[in-house]
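Chemist: Sequence first, predicted coordinates after that:
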Protein chains: 2
Amino acid sequence: MSDEEFMREALAEAREAAAAGEVPIGAVVVADGRIVARARNRREELNDPTAHAEILALREAGEKLGGWRLGRAALYVTVEPCPMCAGAMVQARLGRLVYGARDLKAGAVESTVNLVRNKAYNHQVEVRAGCLEDDCAEVMSRFFAERRDGDGD
Amino acid sequence: MSDEEFMREALAEAREAAAAGEVPIGAVVVADGRIVARARNRREELNDPTAHAEILALREAGEKLGGWRLGRAALYVTVEPCPMCAGAMVQARLGRLVYGARDLKAGAVESTVNLVRNKAYNHQVEVRAGCLEDDCAEVMSRFFAERRDGDGD
């Protein structure tokens, strides 16, 4: 499967998050050509400040693959990771990160700081940005537009 | 209870981590003057790259307090948080962070980058560094010295 095909799976997770009233971000982890973990943002549902899609997907991948080192895995996520999630990828020694839309306010790959390809740390992650960027951005902008419209309800 | 007393509880968690063969870092979360969550690093045990003491403690605190916003809580941790954990504190809108020893290689408060008091983000955390610093550093240095000595076993 191509990067775009895996990103469509992450987008499906993001749309499920939107339907559940969560900020619509989805992620999948791929190892040896197949999806080993998939998750969506569940922060509100779980009352968990760390329950971003990427964190949940990395945890599931570690469990499935039987170790916390994910050097042979790639993580696909619809939006540029925040510092927590980018830091988690370095902790996991993640092999590759593919993301869709930028997050100008909190993105920790290119927007506010670069944590995943930072020589200060003991691991650098290979990155592809902008995969299905328009689709990923549209899921976010639609969610926030609908939420604004709903304020008058 | 004083900061030092809460830090002694975090140190007790760190020593349990050492006994379990995990990098010895411990944390507690305090709200309204009492400990609502306590955790130690469990990365190896759980095969979870995100299972640092701080992440586990923040998750438990969110669950106990019934929400992911931890603005009225303080987190005590024996070692300066890494980027993942510092980022999680910003995500949690944590009120206050107290830590013991510096982590020159990966610390994300003063050593490599400052993520918790960074105007780029939508929340800044109040920080006290160096609480029981010598005790916290000693737990770490003893663990790594013993591990080196054990290499010949």
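Modeler: Alright, I've got the coordinates.
Chemist: What ranges does chain A have for its strands?
Modeler: In chain A, the strands defined using DSSP state E lie at A:26-31, A:34-40, A:73-79, A:96-101, A:126-128.
Chemist: Out of those strands, which is closest to B:P83?
Modeler: The closest of the strands of chain A to B:P83 is strand A:96-101. By CB to CB, the value is 14.4 Å. Placement of C-beta: from N, CA and C, glycine included.
Chemist: Tell me the strands beside that closest one, with direction?
Modeler: If you go by DSSP bridges, strand A:96-101 pairs up with strand A:73-79 (parallel), strand A:126-128 (parallel).
Chemist: one step back: same list (the strands of chain A) but as CSV, adding mean pLDDT and mean neighbour count.
Modeler: As requested, the strands of chain A are exported to CSV (pLDDT from 0 to 100; neighbours: other CB atoms under 10 Å in any protein chain shown):
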stretch, mean pLDDT, mean neighbour count
strand A:26-31, 98, 26
strand A:34-40, 98, 20
strand A:73-79, 98, 28
strand A:96-101, 98, 24
strand A:126-128, 98, 14
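Chemist: any idea how far A:I25 is from B:R69?
Modeler: 19 Å (CB to CB, to the nearest Å).
Chemist: Likewise for A:C131?
Modeler: 32 Å.
Chemist: re the thing from before, now distance to A:E9 too, for the strands paired with strand A:96-101, in JSON lines please.
Modeler: As requested, these are exported to JSON lines (distance: least, CB to CB, whole Å):
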{"stretch": "strand A:73-79", "distance to A:E9": "7"}
{"stretch": "strand A:126-128", "distance to A:E9": "16"}
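Chemist: sorry, back to before: okay, A:I25 and B:R69: which has more neighbours?
Modeler: More neighbours surround A:I25 than the other of A:I25 and B:R69, with 33 against 16 (other CB atoms under 10 Å in any protein chain shown).
Chemist: so who does that one touch?
Modeler: A:14, A:17, A:40-41, A:52-54, A:77-79, A:140 (CB atoms under 8 Å, 6 or more residues apart in numbering or on different chains).
Chemist: From those residues, pick the one nearest chain B.
Modeler: Nearest to chain B, judged by CB to the nearest CB, of the contacts of A:I25 is A:H52 at 7.5 Å.
Chemist: so the closest one sits right up against A:V79, yeah?
Modeler: No - counting by CB atoms under 8 Å, A:H52 does not reach A:V79; the two are 9.6 Å apart.
Chemist: Give me the below-cutoff pLDDT ranges for chain A.
Modeler: A:151-153 (pLDDT under 70).
Chemist: residue nearest the centroid of it?
Modeler: The residue lying closest to the centre of chain A (CA atoms, centre = their mean) is A:V77, at 3.2 Å.
Chemist: contacting residues around stretch A:118-127?
Modeler: By CB under 8 Å, 6+ apart, the residues outside stretch A:118-127 that reach it are A:89-90, A:93-99, A:109, A:115-117, B:83, B:105-106, B:112-113.
Chemist: gap between the closest residue to A:V30 other than its chain neighbours and chain B?
Modeler: The shortest distance from A:V30 to any non-neighbouring residue, by CB to CB, 6 or more residues apart in numbering or on different chains, is to A:A74 (4.8 Å). In this view, A:A74 and chain B are 15 Å apart by CB to the nearest CB, to the nearest Å.
Chemist: can you pull the contacts of A:A74?
Modeler: With CB under 8 Å, 6+ apart, A:A74 has these contacts: A:6, A:29-31, A:94-98.
Chemist: Show me which of those is closest to chain B.
Modeler: Once CB to the nearest CB is applied, the member of the contacts of A:A74 that ends up nearest chain B is A:L94, at 8.3 Å.
Chemist: so that closest one makes contact with A:L70?
Modeler: Yes - between A:L94 and A:L70 a contact is recorded at 5.1 Å, counting by CB under 8 Å.
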